[in-house]
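Engineer: Let me see the structure of the following:
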Amino acid sequence: MKKLSILALAAGAVLVACGPSKAELEAAEKAKQDSLTAVMKADSAAAAEKAAVEAAAAQAKADSLATVAKADSLKKAEEEAKGKGHHAAPHKKETGPVRTGATKEGAASGSGAPAANAVRTGGTKSK
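Structural biologist: Okay, the predicted model is just below:
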């Protein structure tokens with residue numbers, strides 16, 4: 001039994017002596033934490049780069065839409081200018097003087113000249 005106890009004690013001593021030391025365990029834990037920190041930094045940098053790429057793409061899209069809108073606006077203005085080219089200003093219908101109080105002789109004559117007693121009223125007709 002004494003041999004068995006000594007043998008068990010020797011095996012236990014070998015196992016304890018062959019395992020990692022406290023310094024080795026601490027070094028392994030520190031390496032693990034450093035690795036996690038490096039991965040987190042890489043993920044953060046990748047996320048920042050992805051966000052920058054997405055922002056640049058969004059800005060490029062906005063710039064493109066603004067360019068298209070500007071081109072459409074210019075095209076519309078040119079088409080309106082071409083459409084108004086032969087009609088530079090809207091035509092006003094010109095009317096002659098309004099004749100009221102004309103005599104039957106003047107109206108019946110058909111000469112178009114106002115009767116002697118016709119009164120110009122400045123564009124309003126009286127009924």
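Engineer: pLDDT averaged over the one helix or strand residue 66 maps to - what is it?
Structural biologist: Here residue 66, judged by DSSP states H and E, is contained in helix 22-83. The predicted model gives helix 22-83 an average pLDDT of 94.
Engineer: Also stretch 3-10?
Structural biologist: Rounded mean pLDDT across stretch 3-10 is 80.
Engineer: With just CA atoms, put that stretch into PDB.
Structural biologist: Extracted C-alpha coordinates of stretch 3-10, given in PDB (Å, rounded to 0.1, in the frame of the first residue of the first chain):
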ATOM      1  CA  LYS A   3       4.200   1.600  -2.800                       C
ATOM      2  CA  LEU A   4       0.800   2.500  -4.200                       C
ATOM      3  CA  SER A   5       0.700   5.800  -2.200                       C
ATOM      4  CA  ILE A   6       4.100   6.700  -3.400                       C
ATOM      5  CA  LEU A   7       3.200   5.900  -6.900                       C
ATOM      6  CA  ALA A   8       0.100   8.000  -6.800                       C
ATOM      7  CA  LEU A   9       2.000  10.900  -5.200                       C
ATOM      8  CA  ALA A  10       4.700  10.700  -7.900                       C
END
